[in-house]
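[1] fold the following, please.
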Amino acid sequence: MARFTLPRDIYFGKGSLEVLKTLKGKKAIIVVGGGSMKRFGFLDKTVSYLKEAGMEVRLFEGVEPDPSVETVMRGAEAMREFEPDWIVSIGGGSPIDAAKAMWAFYEYPDTTFEQLITPFNFPELRQKAKFVAIPSTSGTATEVTAFSVITDYKKGVKYPLADYNITPDIAVVDPELAETMPKTLTAHTGMDALTHAIEAYVSTLNSPFTDPLALKAISMVFDYLVDSYNGDMNAREQMHYAQCLAGMAFTNALLGIVHSMAHKTGAAFSTGHIPHGCANAIYLPYVIKFNAKNAKSRYADIARFVGIEGKNDDELVDKLCDKINEYNKKLNIPASLKEFGINEEEFKKKVSKIAELAVEDACTGSNPRAITPAEMEKLFTCAYYGTVVDF
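    Residues are numbered from 1 along each chain as shown. All right, here's what the predicted structure looks like:
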């Protein structure tokens, strides 16, 4: 038996933030990040709409990128003190991810992260509060997913939390918030969305429910991402919807080794953090070539769906990779880790261990082709030097 889960309601379109006026409840806590939502006036709007709904409102501000265990625990403590019946999180993936975890600890104060990291093992939520997610970036789709990532900096461990309990009740996909994204973030989040959709389509857990969402998302990213990057706000709106469709697909079909590789290299090198969407964009063409031995027809389906022509599936896969490489170039995303600026000696020293960790990543299990640590090391090496994947 399989399962397909989405938020109870998704509100979209310019001005859809106003739906907050219609919520029924007594108290709402707003979880928000570093300040851009306040700077652009969206936090004030959120507060005023919730007050218009007759609610007492409290803020929990300052959630950092890659939110920490400490931040989650402080937020949960603030919730226990305030006792909200709505948790509203607005901003990028980080405040929404943090708020999902706060929600669990608010309702179950005695639980631990160690108990929650077993996938799909959460206690039953919605005993005290419901959850609204309002994304300001067009990539993570955490507003429609069952996932959250929290970091324990003391232990150097990232806790991937996965449970359909933390799929928000309401997602508000208002493109006006996405208009504030800087150019580079637009590129990286857009390629993250493309990766989500492609990995969902070829995942071993793909289904007739996820395939149409994934294909439509892929088509929309190819249609709108470059224009969105270049400042076209109609295209930016369409990208905000495309990333949400991709999220609906991958929360149910899961992902693959592009994400495994990105997760394990984002903070691995002293020469600088590799933004998640940028890492996905670099790895995606190499992984397609690796996976094609098992998923050639699925990648060929994608190519045909976006209008690529070819004599056979092999040619279609090659042309799909060419198209991704062409988009990376237009978005100023490097074609290899070396081009990104990762030091060669450091890469050689660390790649074996990174490969082991990537194979163990939660996303590897639904990849269409099994991979060994030795093969993963070869794949990383191809992605470092920009060489052909032929194994």
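[2] all contacts plus neighbour counts: C-alpha atoms, from now on.
    Will do.
[3] could you pick out the longest helix of the chain?
    Longest helix in the chain, counting residues (DSSP state H): helix 276-305.
[4] by contact count, what packs against the following helix or strand past it?
    Next along the chain after helix 276-305, taking DSSP states H and E as the criterion, comes helix 313-330. Packing partners of helix 313-330 (3 or more CA pairs under 8 Å, 6 or more residues apart in numbering; DSSP states H and E): helix 276-305.
[5] straight-line length of stretch 301-313, end to end?
    This stretch, stretch 301-313, spans 9 Å end to end (CA to CA, to the nearest Å).
[6] renumber starting at 26 from here on
    Yes, from this point I'll number from 26; that puts the last item at stretch 326-338.
[7] check which residues of that stretch are buried.
    326, 327, 328, 329, 331, 333, 338 (16 or more other CA atoms under 10 Å).
[8] show me the contacts for the closest residue to residue 31 other than its chain neighbours.
    Residue nearest to residue 31 in three dimensions, not counting chain neighbours: residue 169, with 6.1 Å by CA to CA, 6 or more residues apart in numbering. Contacts for residue 169 (CA atoms under 8 Å, 6 or more residues apart in numbering) come out as 31, 32, 192, 193, 196, 269, 272, 273, 276.
[9] pLDDT averaged over stretch 355-367 - what is it?
    On average, the pLDDT along stretch 355-367 is 97.
[10] for stretch 397-404, same thing?
    Mean predicted confidence for stretch 397-404 is 98.
[11] next: stretch 65-84.
    Here the average pLDDT along stretch 65-84 is 97.
[12] nearest residue to the middle of this protein?
    residue 165 (2.6 Å; CA atoms, centre = their mean).
[13] so who does it touch?
    118, 214, 217, 218, 268, 272.
[14] could you dump these to a markdown table with pLDDT and secondary structure?
    Shown next, in a markdown table, are these (pLDDT from 0 to 100; DSSP: H, G, I helix; E, B strand; the rest coil):
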| residue | pLDDT | secondary structure |
| --- | --- | --- |
| 118 | 92 | helix |
| 214 | 97 | helix |
| 217 | 97 | helix |
| 218 | 98 | helix |
| 268 | 98 | helix |
| 272 | 98 | helix |
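[15] just the buried members of the residues you listed?
    For those, buried by 16+ other CA under 10 Å: 118, 214, 217, 218, 268, 272.
[16] and these, which is closest to residue 309?
    Nearest to residue 309 among the buried ones among the contacts of residue 165: residue 217, at 9.8 Å, using CA to CA.
[17] packing partners for the helix or strand hosting residue 243?
    Per DSSP H and E: residue 243 is located in helix 236-254. When contacts are defined as 3+ CA pairs under 8 Å, 6+ apart, helix 236-254 packs onto helix 208-227, helix 258-278, helix 301-330.
[18] domains for the chain, by residue range?
    The chain breaks down by automatic domain parsing into domains covering 34-203, 208-410.
[19] closest to residue 242 out of the helices and strands packed on helix 236-254?
    Of all the helices and strands packed on helix 236-254, helix 258-278 comes closest under CA to CA, at 4.7 Å.
[20] helices or strands next to the longest helix of the chain in the packing?
    Using 3+ CA pairs under 8 Å, 6+ apart, helix 301-330 sits against helix 208-227, helix 236-254, helix 282-290, helix 338-355, helix 398-410.
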